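Participant: what's the 3D shape of this:
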Amino acid sequence: MQADSLDNKQLFQLISEGDESAFRQLFHIYAPQFRAVALHITKTASVTEDILQETFLRLWISRDKLREIEQPRSWMLRIVFHQCFSYLRKQAIHNKAVAILAPAEPVFSPEEDIAYDFMRAQVTLAVQQLPPQAKRIYLLSREQGLKIPEIAAQLSLSPNTVKNSLVRSLQAIRKHLEHSGILFPAFIIWLLRV
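Facilitator: Numbering: from 1, shown residues only. Now for the predicted structure:
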């Protein structure tokens with residue numbers, strides 16, 4: 001089997017056996033994606049590089065456990081998110097300490113805002129990928145606040161068709177969010193309720 005055709009589980013298997021070329025391949029596949037995520041969250045290039053190094057260092061150090069991991073990409077994304085939010089927590093603590101010394105400066109905890117902004121961006125991306133009619137139905141429901149019967153009347157569809165389309169769209173969005181490593185189930189359920 002050629003290295004190019006290996007999936008994540010197979011790469012994890014090879015890495016668990018100490019295969020450095022599989023590790024390099026996995027790095028080249030995911031480093032650009034994880035760099036973009038970390039930079040979006042931290043807004044700091046040097047911190048982003050540290051997070052990237054830490055993520056892949058943890059992967060290599062934990063290679064004996066890689067066989068047990070069912071979702072390699074999600075597992076790695078959790079490390080990236082953990083590192084990003086650890087950095088933000090430390091920054092928030094630092095900002096609070098500075099605020100105590102210089103109380104004129106307002107202190108805001110950016111974690112929730114950043115996580116929310118990232119999640120909203122991912123929802124928007126997922127909505128853009130919906131089929132045209134499903135996207136139209138979803139936007140009428142979420143952005144214009146129309147009820148299922150109103151959407152059905154406006155688009156000359158049955159209410160069941162509209163409801164089924166919304167359910168499928170929400171499932172697709174949830175799947176996209178999970179694939180993006182967003183693991184805030186209660187908040188997602190609130191945001192994506194039917």
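Participant: Might you list the low-confidence residue ranges for the protein?
Facilitator: Counting by pLDDT under 70, the low-confidence segments of the chain come to 1-6, 98-113, 115-116, 182-194.
Participant: hmm, try it at 80
Facilitator: Scanning the chain for pLDDT under 80 picks out the ranges 1-6, 93-120, 143, 177-194.
Participant: Quick one: the helices in it, in order.
Facilitator: Assigned by DSSP state H, the helices in the chain fall at 8-16, 20-42, 45-61, 72-101, 110-128, 132-142, 148-155, 159-179, 185-191.
Participant: Now render the ones you listed as a markdown table, adding mean neighbour count.
Facilitator: In short, each C-beta sits where N, CA and C put it, glycine included. As requested, the helices of the chain are exported to a markdown table (neighbours: other C-beta atoms under 10 Å):
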| stretch | mean neighbour count |
| --- | --- |
| helix 8-16 | 19 |
| helix 20-42 | 17 |
| helix 45-61 | 17 |
| helix 72-101 | 16 |
| helix 110-128 | 15 |
| helix 132-142 | 17 |
| helix 148-155 | 16 |
| helix 159-179 | 17 |
| helix 185-191 | 12 |
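Participant: how about the nearest residue to Leu59, chain neighbours excluded?
Facilitator: In space, not counting the residues next to it along the chain, Leu59 is nearest to Met76; the distance is 6.5 Å by C-beta to C-beta, 6 or more residues apart in numbering.
Participant: Lovely, talk soon.
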